[in-house]
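S.K.: Got a predicted structure here, sequence first:
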Amino acid sequence: MKVTEHIAKAAGKTLFSFEIIPPKKGKNIQELYDNIDPLMEFNPPFIDVTTSREEYVYIEKEGLFDRKITRMRPGTLGICAAIKHKYNVDTVPHVLCGGFTKEETEYLLVDCHYLGINNVMALRGDAMKHQSYFEPTNGGHTYAKELVDQILNLNKGRYLHDVMEIDDYCDFCIGVAAYPEKHIESPSLQSDLKRLKEKVDAGADYVVTQMFFDNQKYVEFVNAARNIGIDVPIIPGIKPLAISRHLQLLPQVFKIDLPEDLIKAVESCKNNKEVRQVGIEWCIQQSKELIEFGVPVLHYYSMGKSSNIKAIAKSVF
Ligand code: FAD
């Protein structure tokens, strides 16, 4: 089923879902299952699986460094198929512009269709680690909106290099990303919202937000989005803070602010066990308020660790 169909079926009840990151290559999928198992009692209708773009690795050989390109966490689609099969739940692979040519994207989407996976998150991706800004891959897309266009073309039987007379069209439901505190590269929140509207006007079916720790930011963002005519579901993405280092890391990596009360609570902790508890309690409070606000889904960034998400879901769902 499509994400939007799950939302419609829930008829106003807030759904639980979460996002997982594929394990690094060489690791076993069992570790992933061990993290998913405890969350299945909360009946997620869909689970997102992130995609990582390519990166450089440096291999030392006789004192010289050789630069090779690799993917540290391959396998998003395989993992989606495995989870769908094992848990009988819908999965949402993340599809990126960065690191993929349009042809590679087409093959991935064709494979999704064969596997009965009809939800995708269309994302631009970030710059590679050594780059200071995003550069489109040769033969790839520059913005997520172009990816939305490609996916919708496929829904109409328009492949990159041919129009197929077929009787089994793709029918992808498309999610796109949004940033209640603005995307880092955007000159203003208003300008970023206009870009979001372009993705929705192109045909994106729903939106998932970047994490935030202050619900007011989400509420204002949703109001501003509605004011400019964005009328698709806007799913809040949230994450429990778990270690004191997150006070620096989260603003640095995700360009978000942390509320003063949360900072104070974390700073008064004696160790990371206490910080983890503060993070859980903050996230429970956030979740309850967001349900009160009427959000369609609470989407948790699990970052490969499910025990705190389980504690939150237990007191919220
Ligand atoms: P876009 O919508 O293309 O926007 C990127 C920037 O360009 C924005 O500043 C926007 O305002 C601007 N812009 C858009 N269109 C134009 C235009 N025509 N002209 C000028 N400027 C324009 N990253 C991963 O690598 N893997 C993942 O699995 C992943 N999952 C994510 C899931 C969610 C819910 C979110 C919120 C983010 C995720 N990301 C992931 C991170 C995402 O790839 C980055 O934030 C990336 O920098 C932007 O992606 P986007 O799809 O929002 O880009």
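M.R.: Thanks, I have it. Residues are numbered from 1 along each chain as shown.
S.K.: how about the residues of the stretch 151-300 of the chain near the ligand?
M.R.: 177, 183, 185-186, 192, 195, 199, 208, 210, 237 (Cβ under 6 Å from any ligand atom). From N, CA and C alone the C-beta is placed, and that goes for glycine too.
S.K.: again with the stretch 1-150 of the chain
M.R.: Going by Cβ under 6 Å from any ligand atom, the residues of the stretch 1-150 of the chain near the ligand are 50-53, 94, 96, 121, 123-126, 143-145.
S.K.: Spell out the residue ranges of the strands in this structure.
M.R.: 15-20, 46-49, 55-61, 64-70, 90-96, 119-123, 173-178, 206-209, 234-235, 237-238, 297-301 (DSSP state E).
S.K.: Touching the last one from outside, list them.
M.R.: Yep, that's strand 297-301 we're talking about. Contact with strand 297-301 is made by 3, 6-7, 14-19, 48, 208, 211, 233, 235-240, 287, 290-291, 309, 312-313, 316, as judged by Cβ atoms under 8 Å, 6 or more residues apart in numbering.
S.K.: rerun at 7 Å
M.R.: Here strand 297-301 makes contact (Cβ atoms under 7 Å, 6 or more residues apart in numbering) with 7, 14-19, 208, 211, 235-239, 287, 290, 309.
S.K.: do the same with stretch 4-20
M.R.: 32, 35-36, 39, 42-50, 173, 205-206, 233, 291, 295-302, 304, 309, 313, 317.
S.K.: report the longest helix in this protein, please.
M.R.: helix 272-293 (DSSP state H).
S.K.: residues contacting residue 181?
M.R.: Per Cβ under 7 Å, 6+ apart, neighbours of residue 181: 212, 217, 255-257.
S.K.: same question, residue 306
M.R.: Here residue 306 is in contact with 35, 38-39 (criterion: Cβ under 7 Å, 6+ apart).
S.K.: hmm, back to that, any quick ChimeraX command for the buried ones out of the contacts of strand 297-301?
M.R.: Applying 16 or more other Cβ atoms under 10 Å to those, the buried members can be selected in ChimeraX as follows:
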select :7,14,15,16,17,18,19,208,211,235,236,237,238,239,287,290,309
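S.K.: quick one, which of the strands of the chain is nearest to residue 81?
M.R.: Closest approach to residue 81 among the strands of the chain (Cβ to Cβ): strand 90-96, 7.6 Å.
S.K.: neighbouring strands for the closest one, and are they parallel or not?
M.R.: strand 46-49 (parallel), strand 119-123 (parallel) (DSSP bridges).
S.K.: Reformat those as a markdown table; add mean pLDDT and mean neighbour count.
M.R.: Output for these, formatted as a markdown table (pLDDT from 0 to 100; neighbours: other Cβ atoms under 10 Å):
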| stretch | mean pLDDT | mean neighbour count |
| --- | --- | --- |
| strand 46-49 | 98 | 24 |
| strand 119-123 | 98 | 24 |
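S.K.: got those strands as a markdown table, with distance to residue 74 columns?
M.R.: Conversion of the strands paired with strand 90-96 to a markdown table gives the following (distance: least, Cβ to Cβ, whole Å):
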| stretch | distance to residue 74 |
| --- | --- |
| strand 46-49 | 12 |
| strand 119-123 | 17 |
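S.K.: related to what we said a few turns ago, kindly indicate the member of the contacts of residue 181 with the most neighbours.
M.R.: For these, the largest number of neighbours (other Cβ atoms under 10 Å) sits with residue 212, at 23 neighbours.
S.K.: how near is that residue to residue 117?
M.R.: 28 Å (Cβ to Cβ, to the nearest Å).
S.K.: and if you look at residue 36?
M.R.: 17 Å.
S.K.: again, but for residue 267
M.R.: Taking Cβ to Cβ, one finds residue 267 at 43 Å from residue 117.
S.K.: The two: which is more packed in?
M.R.: residue 117 (20 against 11).
S.K.: pretty sure that one contacts residue 91?
M.R.: Yes - with contacts counted by Cβ atoms under 7 Å, residue 117 reaches residue 91, the gap being 6.1 Å.
S.K.: okay, and the common contacts of those two?
M.R.: 80, 84.
S.K.: if we can go back for a sec, pull the most distant pair out of the contacts of residue 181.
M.R.: Among those, 217 and 255 lie farthest apart (Cβ to Cβ), at 12.3 Å.
S.K.: for the stretch 101-250 of the chain, what spans make up the helices?
M.R.: Secondary structure of the stretch 101-250 of the chain (DSSP state H, counting those that start in this stretch): helices at 102-114, 144-155, 189-202, 215-227, 246-254.
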